[in-house]
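In: For reference, the sequence and a predicted model appear below.
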Amino acid sequence: MRRLAIVLCILLALPLVGVLGAWLTPQAQTWELLRHQAATVLPGYAFSSLVLAAGVAIGVALLGGATAAAVTLFDFPGRRVFEWALLLPLAMPAYVLAYASTDFLQYSGPLQTALRDLTGAQGPLWPDVRSLPGAIVLFTLALYPYVYLLTRGALVERGLHLMEAARLLGAGLGRRVRTVALPLARPALAAGVALALMETLADYGVGSYFGLTTFTTGIYKAWLAMDDRIAAAQLATLLLAIVAVLLWAERRAQARLRYASARGGASEREARPVRLRGRQALLAVLLCALPVLLGFVLPVAVLLRAVWREALHGEFGLPWERFSGWAWTSLQLATLAALAAVALAVLLGFLLRSRAGGALPPLARLVSLGYAVPGAVIAVGLLLPVGWVQAAAPGSAAAGWVTLAATGSIAGLLFAYLVRFSAVALQSVEAGYARIPVSFDDTARTLGAGARRLFFGVHAPLLTRSALAAALLVFVDVMKELPATLVLRPFDSDTLAVVAYQFARDERLAEAALPSLAIVLVGLIPVVLLSRAMRAR
């Protein structure tokens, strides 16, 4: 089993090796290409990505931090509802939010049309939402729950207790927030912002639909439009380096959260949030209601309206037959990927639990970094070695087999999903193993149990919930995944995410509504489970 696990980990690391292998081309050619990129496209990619990242970082930090502080440190009407409702935008992928917002806010959309009819105004009433500022707002609304969730967790652990202690020492509310709450929440804010930025830089749907020149869209242009795989791989390497820095920052911030993890005991339970009244309570309600309304309720209403109008007034009605095919493809891929990811995670978790040494622990840690790797990088890293094989042995059976496996069947797509989402399953399984005392293993071995009996007789029953949670998370992530699926899917294997993107790209927003709504409904499952877990704390 150990050798099998090592081989699987090496295979999952191949896309990263493929991307880095782009620098193994002849030195003069490599640097000439890089100089050409620096003189033409790199400044635009860097500027757009930097502005987008800076805007999203500021937006999610302010919105996520403010809402977390509001529902944790203060008491106001509707607070209990907002505690879980603020998580709802997690179910709304950014590209789906972009489609719904464009349909609602564009010149021919219902809002501008109604306002022009009401006021008699002519022309557009505001700038086009499909712009860099519009993308910043959309990413902020879609990704602030990362900051909200981590910051609220940090404040719940010690915030109320320390705020109450500061109040008893005579500190005013403003001073308590500045000197107690903000320093306590800073590591959580940093970790949440880093996660949001990784999602932003990995996005392709919003950037492509809005016409932005980011690193991710540049990778696809270099590969698909310019047919330059070396340029695409080098851009992917630069994006990977940026994501690696963000991942390091997130891990460092997560490590600092340990200082805020101890509970305060009975004195904490005696602490109560500060009661807000009047104007302050109204401001708190508006602060928490607006992101839920704009990031989830309104987009869902727009999608439902589009589906309803298409069903009643569309030329052919709703495409239920085609929709069932797209949904079935998505369900098949998500189920297979979830089962494979959980099987791999359980195997690695068991071997790491057994303190397997050698190359396995570092390889497992390498696999666990896959979730931070953008789908565009994985797609390039998988296709680049295929191109090398085709160039080395053109027309050979081996080259044809490799090409078919990578791009002509679901095998390549499932492999990309494993590279991308095995980390999610491994994290959940390792958390499950952490709750199983090591003494159970020692007792079983003392009674003569071998590795197989130890796993099936002791570990498997105790890991059931963790394995199911891992499968669910991978399932939902695969249902929403767009960049790698867009490139690697076989013919006639469109998923809900792909067809929603294609309809929106062709300005067929009404037809994009049904698959988009299905993606949102699936995404609600982990959000509901997460909100229930938070209420149970």
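Out: Happy to help now that I have it. Computed from a predicted structure; not experimentally measured. Numbers count the residues shown, from 1 in each chain.
In: residues touching the residue nearest to residue 9 when sequence neighbours are not counted, list them.
Out: Nearest residue to residue 9, sequence neighbours excluded (CB to CB, 6 or more residues apart in numbering): residue 363, at 3.7 Å. Heads up, the C-betas are built off the backbone N, CA and C, glycines and all. By CB atoms under 8 Å, 6 or more residues apart in numbering, the contact list for residue 363 reads 6, 9, 10, 13.
In: Which helix or strand contains the second one?
Out: This points to residue 9. helix 2-12 (DSSP states H and E).
In: rewinding a little: any idea how far residue 369 is from the residue nearest to residue 9?
Out: For residue 363, the distance to residue 369 (CB to CB, to the nearest Å) stands at 11 Å.
In: what bits of the stretch 151-300 of the chain have low per-residue confidence?
Out: The stretch 151-300 of the chain contains residues with pLDDT under 70 at 157-164, 167-175, 177-179, 181, 227, 254-271.
In: neighbour-wise, which of the contacts of residue 363 leads?
Out: When neighbours are counted by other CB atoms under 10 Å, residue 9 leads these with 21 neighbours.
In: where are the low-confidence patches of the stretch 351-500 of the chain?
Out: For the stretch 351-500 of the chain, counting by pLDDT under 70, the residues that fall below are 356-357, 399, 408.
In: can we see that at 90?
Out: For the stretch 351-500 of the chain, the stretches flagged by pLDDT under 90 are 351-413, 416, 419-470, 472-473, 476-477, 480-494.
In: if we can go back for a sec, hmm, who's touching the helix or strand that comes right after the helix holding residue 9?
Out: Downstream of helix 2-12, the first helix or strand assigned by DSSP H and E is helix 14-20. The list of residues contacting helix 14-20 from outside it, by CB under 8 Å, 6+ apart, reads 233, 236-237, 240, 366, 373, 377-378, 380-382, 384-385, 416, 419.
In: nearest to residue 203, of these?
Out: Among the contacts of helix 14-20, residue 377 lies closest to residue 203 (CB to CB), at 12.7 Å.
In: which helices and strands sit right next to whichever strand or helix holds that closest one?
Out: According to DSSP H and E, residue 377 maps onto helix 375-392. Helix 375-392 is packed against helix 14-20, helix 215-220, helix 229-256, helix 397-407, helix 410-434, helix 483-488, with contacts defined by 3 or more CB pairs under 8 Å, 6 or more residues apart in numbering; DSSP states H and E.
In: what's the angle between that helix and helix 229-256?
Out: 140 degrees (axes from the mean of the first three to the mean of the last three CA atoms, to 10 degrees).
In: How about residues contacting helix 375-392?
Out: Defining contact as CB under 8 Å, 6+ apart, one finds that helix 375-392 is touched by 14-19, 21-22, 202, 204, 216, 219-220, 223, 229, 232-233, 236, 239-240, 243, 370, 398-399, 402-403, 406-407, 412, 415-416, 419-420, 481-485, 487-488.
In: Derive a PyMOL selection command for the buried subset of those residues.
Out: To isolate the buried ones among the contacts of helix 375-392 in PyMOL, judged by 16 or more other CB atoms under 10 Å, type:
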select buried, resi 14+15+16+18+19+21+22+202+204+216+219+220+223+229+232+233+236+239+240+243+370+399+402+403+406+407+412+415+416+419+420+481+482+483+484+485+487+488
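In: hey, where'd the strands end up in this structure?
Out: 74-75, 274-275 (DSSP state E).
In: Reformat the helices and strands packed on helix 375-392 as JSON lines; add distance to residue 273.
Out: Listed next are those as JSON lines, based on distance: least, CB to CB, whole Å:
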{"stretch": "helix 14-20", "distance to residue 273": "46"}
{"stretch": "helix 215-220", "distance to residue 273": "41"}
{"stretch": "helix 229-256", "distance to residue 273": "25"}
{"stretch": "helix 397-407", "distance to residue 273": "54"}
{"stretch": "helix 410-434", "distance to residue 273": "29"}
{"stretch": "helix 483-488", "distance to residue 273": "42"}
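In: Select, out of those helices, the one closest to residue 120.
Out: helix 215-220 (39.3 Å).
In: Packing partners of that closest one?
Out: helix 42-73, helix 182-202, helix 205-210, helix 229-256, helix 375-392, helix 483-488.
In: Give me whichever of those is most buried.
Out: Of the helices and strands packed on helix 215-220, the one with the most neighbours on average (mean count of other CB atoms under 10 Å) is helix 483-488, at a mean of 25.
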